[in-house]
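*Asks:* pasted the sequence and its predicted model underneath.
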Amino acid sequence: MNGLILVVEDENEIREILCELFRSEGFSVLEASNGEEALQRLRNSVVKPILISLDIMMPVLDGQSFILKLQRSPEFKDFSHIPIVVVSAGRGELQGEIAASVPKPPDFERLIELARKFSTESSESLAPR
């Protein structure tokens, strides 16, 4: 297993494609259809994700609000440094830190490249020194 990825996407078809893509490369996947559901998944997760794939334009809690809540709320301090890859058709400036941005329709090779990169970085940070 290469690590856990949280996929946050309101469009079912795109979410399913992204989840299958990551699973086919050996990653475990948590799914959420909006930012509030994603925060709930993090609250309930036993394993910390190595990466969050995030859409921006979603109902209930959009991607921008999710980023700010994740990175600024004391409740999520243990998750605030998880790399976020924005996968969105939306353009514009975002507040908060993101690791990368991949426009829709997503370049699957780029997403796998990023997932592998953050999987390696996560493994290295956990290695004994």
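*Replies:* Everything's here; your move.

*Asks:* only C-alpha atoms for contact and neighbour calcs from this point on.
*Replies:* Will do.

*Asks:* which residues of this protein score low on pLDDT?
*Replies:* Low-confidence segments of the chain (pLDDT under 70): 1, 90-92, 122-129.

*Asks:* hey, where'd the helices end up in it?
*Replies:* Remark: helices assigned in the chain by DSSP state H are 12-24, 35-44, 63-72, 108-126.

*Asks:* please work out which of these is packed deepest.
*Replies:* Scoring the helices of the chain by mean neighbour count under mean count of other C-alpha atoms under 10 Å gives helix 63-72 as the most buried, with a mean of 20.

*Asks:* output the contacting helices and strands for it.
*Replies:* Packing partners of helix 63-72 (3 or more C-alpha pairs under 8 Å, 6 or more residues apart in numbering; DSSP states H and E): helix 35-44.

*Asks:* could you dump the helices of the chain to a markdown table with distance to Ile5?
*Replies:* Below are these laid out as a markdown table (distance: least, C-alpha to C-alpha, whole Å):
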| stretch | distance to Ile5 |
| --- | --- |
| helix 12-24 | 8 |
| helix 35-44 | 11 |
| helix 63-72 | 15 |
| helix 108-126 | 8 |
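
*Asks:* Ser88: which of those is closest?
*Replies:* helix 63-72 (9.4 Å; C-alpha to C-alpha).
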